[in-house]
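S.K.: Sequence and predicted model, in that order:
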Amino acid sequence: MPASFVRRPPVAHRWPRTPRAAIALQKSLRPRLSLLGGPRSPRTVAGADLAYDLERDRLHAVVVVFRFPSLEWVETSAVTRRIPFPYIPGLLSFREAPAIIAAWRRLRRPADLLLCDGQGIAHPRGLGLASHLGLLLDVPTIGCAKSLLVGEHGPVGYDRSATTPLRHAGRIVGAVVRTRAGVAPIVVSPGHRIGVARAVRLALACTRGFRIPEPTRQADLLVGRLRRGLEAPRPPRGHGSLC
């Protein structure tokens with residue numbers, strides 16, 4: 001059996017306090033990732049996003065769970081935490097992952113797949129936010145980022161679903177994907193327990209006429225309400241959109 005298919009014990013670690021320790025931890029965690037397979041048809045899919053309140057040194061995290069493929073709302077979890085780590089490009093998971101994990105652990109039932117507004121392995125050390133979350137939560141994760149952090153790619157077609165591989169350091173680390181015709185593409189990269197092709201397929205299956213996949217789009221809308229001090233809406237079961 002290929003090593004990538006061997007299920008390892010869930011990862012746990014202490015959160016480092018310095019950038020040097022964080023980089024060392026990223027390098028040690030990278031070999032733990034599994035980047036093959038993934039759920040063919042998850043029953044539920046979640047989106048995660050954050051918003052900052054820098055004046056109060058706080059951040060808000062939201063996780064929204066939907067049924068798949070209908071994308072009907074199931075539940076929402078939100079937390080507010082003190083910002084635990086400085087802003088350093090390439091180390092955002094040490095700033096954002098603890099709050100997302102806290103929100104995830106408040107869910108009544110964890111989702112089968114997690115999409116987040118961040119990178120998976122399309123990252124300088126191959127361990128972006130989606131990958132870090134996947135290891136710590138032991139769940140398949142996909143990074144759906146609005147901008148490129150590393151890598152090169154060719155032209156992307158105009159039509160929805162047009163895709164081109166993203167390469168970094170001599171290997172494919174994701175894809176640049178057009179989720180809506182004529183609109184800027186997004187960067188899709190596997191986080192953990194999923195491969196590139198399936199990550200792209202599932203990210204596209206989660207779009208509903210907008211550039212951003214619906215789970216992360218709705219999480220972004222809800223966390224914006226929390227930042228403004230508004231109560232997040234709670235739709236009845238069976239409604240596919242929160243906002």
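M.R.: Sure, I can see it.
S.K.: what residue lies at the spatial centre of the protein?
M.R.: Central residue of the chain (C-alpha atoms, centre = their mean): Cys116, 2.0 Å from the mean position.
S.K.: Strands of the protein, start to end?
M.R.: Ranges of strands in the chain, per DSSP state E, are 44-53, 58-67, 73-82, 113-116, 141-145, 163-168, 171-177, 186-192.
S.K.: which other helices and strands contact the fifth one?
M.R.: Secondary-structure packing of strand 141-145 (3 or more C-beta pairs under 8 Å, 6 or more residues apart in numbering; DSSP states H and E): strand 113-116, helix 129-137, strand 186-192, helix 196-205. Using the backbone N, CA and C atoms, a C-beta is placed for each residue, glycine as well.
S.K.: Of these, give the one that comes closest to Ile212.
M.R.: strand 186-192 (7.0 Å; C-beta to C-beta).
S.K.: Pull up the pairing partners for that closest one, direction included.
M.R.: strand 141-145 (antiparallel), strand 171-177 (antiparallel) (DSSP bridges).
S.K.: Point out the most buried one among those.
M.R.: Compared across the strands paired with strand 186-192, strand 141-145 shows the largest average neighbour count, a mean of 29 (mean count of other C-beta atoms under 10 Å).
S.K.: What lies in contact with that strand?
M.R.: 113-122, 128-131, 133-134, 174, 186-194, 199, 202-203, 212-213, 216 (C-beta atoms under 8 Å, 6 or more residues apart in numbering).
S.K.: Select, out of the helices and strands packed on strand 141-145, the one closest to Arg58.
M.R.: Nearest of the helices and strands packed on strand 141-145 (C-beta to C-beta): helix 129-137, 18.6 Å.
S.K.: what comes into contact with that closest one?
M.R.: Outside helix 129-137, the residues that reach it (C-beta under 8 Å, 6+ apart) are 10-13, 26, 29-30, 32-33, 48, 92-93, 96-97, 100-101, 104, 110, 114-116, 118-121, 123, 139-143, 189-193.
S.K.: mind redoing it with 7 Å?
M.R.: Residues from elsewhere that reach helix 129-137, judged by C-beta atoms under 7 Å, 6 or more residues apart in numbering: 11, 29, 32-33, 92-93, 96-97, 100-101, 104, 114, 116, 118-121, 140-143, 191-193.
S.K.: Would you write a PyMOL line that selects the buried entries of these?
M.R.: Buried residues within the contacts of helix 129-137, by 16 or more other C-beta atoms under 10 Å, are selected in PyMOL with:
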select buried, resi 29+33+92+93+96+97+100+101+104+114+116+118+119+120+121+140+141+142+143+191+192+193
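S.K.: The helix or strand of the chain with the lowest mean pLDDT: how far from the chain's middle?
M.R.: Across the helices and strands of the chain, mean confidence by mean pLDDT, DSSP states H and E is lowest for helix 214-227: a mean of 93. Put simply, helix 214-227 sits 13 Å off its chain's centre (C-alpha atoms, centre = their mean, to the nearest Å).
S.K.: Now that helix - C-alpha only, CSV.
M.R.: Coordinates of each C-alpha in helix 214-227 appear next as CSV, following Å, rounded to 0.1, in the frame of the first residue of the first chain:
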residue,chain,number,x,y,z
GLU,A,214,-20.4,28.8,-1.6
PRO,A,215,-19.2,27.3,1.7
THR,A,216,-16.3,29.9,2.0
ARG,A,217,-18.4,32.7,0.5
GLN,A,218,-21.1,32.2,3.1
ALA,A,219,-18.5,31.9,5.9
ASP,A,220,-17.0,35.3,4.7
LEU,A,221,-20.5,36.9,4.8
LEU,A,222,-21.2,35.7,8.3
VAL,A,223,-17.9,36.5,9.8
GLY,A,224,-18.3,40.0,8.3
ARG,A,225,-21.5,40.4,10.3
LEU,A,226,-19.8,39.3,13.5
ARG,A,227,-17.0,41.8,12.9
